[in-house]
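Asks: Kindly return the folded structure for what I paste below:
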Amino acid sequence: MFGAEQGTAPTLDGAKLRIGIVQARFNESITNALAAACRAELLALGVQEKNIDHVLVPGALEVPVALQAMAEREQYDALVALGCIIRGETYHFELVANESGAGVTRLSLDYQLPIANAIITTENMEQAIARQTDKGRDAARVAVEMANLLDTLN
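Replies: Residues are numbered from 1 along each chain as shown. A predicted model of the protein is given here:
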């Protein structure tokens, strides 16, 4: 994904948005960095600190249920999913990556609510470290852009 052409986004303004973040604690050093980068970018885009709610869950498989609880409150313009799944020696990597990703996507569609999925999946810790800041920042930008887009479509 490095060097991928992402296109040019419109000017992003998060001043009127309320954003919820769900962060998995598993691989906490990575997810803390994802969360810090995401929060910093949200603030840089104008989202007010008081309009950012941030909750922690044990791991990536628990992210969707917390997102669902937040979506059901009907007070967020967008949500962000943060986590880090690093391949191990068993099939568990595929299970966690596939199920957490499918859960996030299903919730976004069911609730018609943008959810920026920054549950990163990597082969090793080095790849995770290389992606933690950019992916956290990207998630914030996706959340703001999609919240603004859906506002214009509704």
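Asks: Could I get the buried residue list for the helix or strand where residue 34 lies?
Replies: Per DSSP states H and E, residue 34 falls inside helix 28-44. For helix 28-44, burial by neighbour count (16 or more other C-beta atoms under 10 Å) applies to 30-35, 37-39, 41-42. No exception for glycine: its C-beta is placed from N, CA and C like everyone else's.
Asks: just those residues now: which is nearest residue 135?
Replies: Residue 135 lies nearest to residue 34 out of those, by C-beta to C-beta, at 6.1 Å.
Asks: pretty sure that closest one contacts residue 82?
Replies: Yes: applying C-beta atoms under 8 Å as the test, residue 34 and residue 82 come out as touching, 4.6 Å apart.
Asks: any shared contact partners between those two?
Replies: Here residue 34 and residue 82 have 23, 118, 136, 139 as joint contacts, going by C-beta atoms under 8 Å, 6 or more residues apart in numbering.
Asks: Wait, the third one touches residue 83, no?
Replies: No: look at residue 136 against residue 83 with C-beta under 8 Å: they stay out of range, at 11.3 Å.
Asks: any common contacting residues for the two?
Replies: With C-beta under 8 Å, 6+ apart, residue 136 and residue 83 have common neighbours 34, 118.
Asks: out of the shared contacts of residue 34 and residue 82, who's nearest residue 46?
Replies: Distances from residue 46 to the shared contacts of residue 34 and residue 82, taken by C-beta to C-beta, are shortest for residue 139, at 16.2 Å.
Asks: For that closest one, give me the pLDDT.
Replies: On pLDDT, residue 139 comes in at 98.
Asks: can you list contacts of the helix or strand of the chain with the lowest mean pLDDT?
Replies: Averaged element by element with mean pLDDT, DSSP states H and E, the chain has its least confident helix or strand at helix 92-111 (a mean of 93). Helix 92-111 is contacted by residues 59-61, 63-65, 67-68, 71-72, 81, 83, 85-87, 113-115, 117, 119, 121 when judged by C-beta under 8 Å, 6+ apart.
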